[in-house]
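Asker: Sequence and computational prediction follow.
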Amino acid sequence: MGLRRYLANKTVWYLGALVVAVVLNFVLPRLIPGNPVDVLVSKMGQGGLSSEAQQRTYEAFMREFGLDKPIWDQFLLYISGVFNGNFGASFSFYPTPVSSLIAQSVPYTLALQLPAIVLGWIIGNLLGAIAAYKGGGWDKSVFTTALLFNSTPYYCLSIILLYVFAVVLGWFPVGGAYSLGTSPEWSWAFFSDALSYWWLPFASLVLINIGGQAVGMRSMAIYELGSDYVNYSRSLGIGDRKMTGYIFRNAMLPQITGLALSIGTMVGGALITELVFSYPGMGSLLFGAISSSDYPVIQAVTLLITIAVLVANYMVEILYGFIDPRIRASKSGEK
Amino acid sequence: MTNISSSAVVAEAEGPLVPVGLPTEPKKAKPGWRSLNFGSRMWIALGIIGFVAALAFIGPLFYPFGPDEKVGSLYDYPTWMNTPPTFEHVLGTENFGYDVLAVLMASARTSIIIGLLAGTIAVVIGVAIGVLAGYVGGWVEELLMGFTNIVLAIPSIVILILISISLQSTNVPFLKGAVGLALVIGITSWPWTARAVRAQASSVATREHIDVAKLSGARTPSIMVRDVLPYLASYAVMAWVLQLASAILAESTLSMLGLGPSGANSLGKQLFWALAFQAVATGAWWAFLPPTIVLTMISFGLLYLQSSLDEVFNPRLRRGKKKNLAKAAARRAETARKLAENQPVEVNA
């Protein structure tokens, strides 16, 4: 019953990671000497607010965000908020609730990232396997191009694509997610308008993901090509087509783990891509929150990103358990 | 950000560079470095890195303007685009009127220093935890790897952002600046190094020479340092190169979010200001292209260096020309034939 054990094992570890992440998300922002409201109110003070008004704002904020309570109560409040999806109100868009700010930006982030990760993974693996199998000039050119894209930071490629295709050539709009004058709605006109803004940020994400996966797949496939079962099957005269199938399936497995490990990096990179294109997703929301010291928003965004990454990783690992026959066969799980 | 984790998986899946339990080929008498095959890739990578390093550390000695010298106004054109062209400010000025090239040199220097510091911290922690877990095994391994896997699952960018926000509002200038940022990046990016090192260390731990060391009375710390670590050295070097690249990129990611080192220029901060002052939309390419290109060069150069080091250390990945492959195969066949003639074959441990 290797599979059941594997699933239980993974579930326990991911629950552990989730608990650690939720606690860290609460503790780290509170390492600030003083508290978030201090920072906020002192910024208001620079804006020319009188000291009496400052004092009143300070107290109101402290009550509103429960910062006058002991730390333990704050933690309980935070936990119950996490379960109810209630993250309080934003500092800078007071009294808009954080959850509605997030609900506005999540669709944009998902629309960019999901297709970029999935397509990037599929195309990248195919390219990498072909490069490894064909070798020679094909391998060299694919590998070098893939390595170049893989090592280009997300935001660098974004900036270059934005400059070349939007500013110089004018093929795409220069930033944002839809034209001025239109507003998000379920209509074909809005959808096609939004699509023209979507291409560039999507391209910059998917190209890099393809590069990363192709580099990984190429080395896995080369490793498989040199293994004993390949030599043996070749000596038996098994055809190329069948061999490629074997190699591909064996080289795939580590790539699935690789996907789980790199989702976090991809999400982090995509946040900055949104900034470059002023795409109104979670990255831009986070950026705005950081520059205005909007702690409730920062905390909610980081928590959501963490949970999303953990859930994605968990699902990939569960999938892996069903795909890899060794897990079903073995008695003990993998470390 | 660069996808370095896939390389970590590759390293982990490949296990130790020499298969365990199989008879290894007899060691050649010539010194190890003679067999290093410095391909053209290595030279390209070293060239790119050398260029950036020269720009950062030697450039400022010869360039007449400093990064804090106001020489013009918002986005002045590079002076060679003027009529008549001059070569005073080759890359024009940035949003505050500072010379872009002067700022670029200072930025590259800060970014490289942050990378070196953070990368070294990450590799030291990662190798220490990996060797300890892999060699000692048992509950120590369970504990350390459990911890590592948990940290690995949480996206490091989130932790980086949260800690940097806290650092920004401290009053300690040391923590707010480049050094503080390097510390934070270093102590958050070790987990995948630890994981990959553990996989290799635990297989090195089962080899015979470790038993010999134990029998001869060596203590555990001494075995770890003198008998396990050398086998991981090549991997540690490659991990360091990757950590260096990822630390420099992490710094620029944070800087672009507005969490950069205070009181210092860095490549990320240069991009941050360029975006804040609409350099891309207004077409002021000299303000954003130089840091973009330098960052890409650093990242590409280091990753290329890592992959060429990988081929030096791991001959399985080496794919020369067909002719050489055929030659090598013929050579192996010849050795095998000779071995078969001179029975019994010595299977060395």
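Answerer: Sure thing, it's come through. Numbering: from 1, shown residues only, chains lettered A, B, ... in the order given.

Asker: Any buried residues in stretch B:220-234, and which?
Answerer: Within stretch B:220-234, the residues that count as buried by 16 or more other CB atoms under 10 Å in any protein chain shown are B:223, B:224, B:227, B:228, B:229, B:231, B:232, B:234. C-beta here means a position set from N, CA and C on the backbone, and glycine is covered the same way.

Asker: Ok, stretch B:171-180 next?
Answerer: So for stretch B:171-180, counting by 16+ other CB under 10 Å, buried means B:175, B:176, B:177, B:178, B:179, B:180.

Asker: Is the first one within a helix or a strand, and which one?
Answerer: Yep, that's residue B:175 we're talking about. helix B:173-176 (DSSP states H and E).

Asker: Packing partners of that helix?
Answerer: helix B:156-168 (3 or more CB pairs under 8 Å, 6 or more residues apart in numbering or on different chains; DSSP states H and E).

Asker: Rounded mean pLDDT for the helix it packs on, please.
Answerer: Averaging pLDDT along helix B:156-168 yields 83.

Asker: CA atoms only: put it into PDB for me.
Answerer: C-alpha atoms of helix B:156-168 as PDB (Å, rounded to 0.1, in the frame of the first residue of the first chain):
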ATOM      1  CA  SER B 156      10.700  32.400  -0.600                       C
ATOM      2  CA  ILE B 157       9.700  35.600  -2.300                       C
ATOM      3  CA  VAL B 158       6.900  35.900   0.300                       C
ATOM      4  CA  ILE B 159       9.200  35.500   3.200                       C
ATOM      5  CA  LEU B 160      11.700  37.900   1.600                       C
ATOM      6  CA  ILE B 161       9.000  40.500   1.100                       C
ATOM      7  CA  LEU B 162       7.700  40.200   4.700                       C
ATOM      8  CA  ILE B 163      11.200  40.400   6.300                       C
ATOM      9  CA  SER B 164      12.300  43.300   4.000                       C
ATOM     10  CA  ILE B 165       9.300  45.300   5.000                       C
ATOM     11  CA  SER B 166      10.200  44.800   8.600                       C
ATOM     12  CA  LEU B 167      13.800  45.800   7.900                       C
ATOM     13  CA  GLN B 168      12.700  48.900   6.100                       C
END
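
Asker: Counting by contacts, list what it packs against.
Answerer: Using 3+ CB pairs under 8 Å, 6+ apart: helix B:156-168 touches helix A:2-27, helix A:240-276, helix A:282-291, helix A:295-323, helix B:173-176, helix B:178-188, helix B:229-256.

Asker: got the buried residues for the longest one?
Answerer: Okay, so that is helix A:240-276. So, applying 16+ other CB under 10 Å, buried residues of helix A:240-276: A:243, A:247-248, A:250-276.

Asker: Also near chain B: which of these, exactly?
Answerer: Near chain B, judged by CB under 8 Å from any CB of the partner chain, the entries from the buried residues of helix A:240-276 are A:254-255, A:257-258, A:261-269, A:271-272, A:275-276.

Asker: Could you find the closest non-adjacent residue to residue A:133?
Answerer: The shortest distance from residue A:133 to any non-neighbouring residue, by CB to CB, 6 or more residues apart in numbering or on different chains, is to residue A:244 (6.0 Å).
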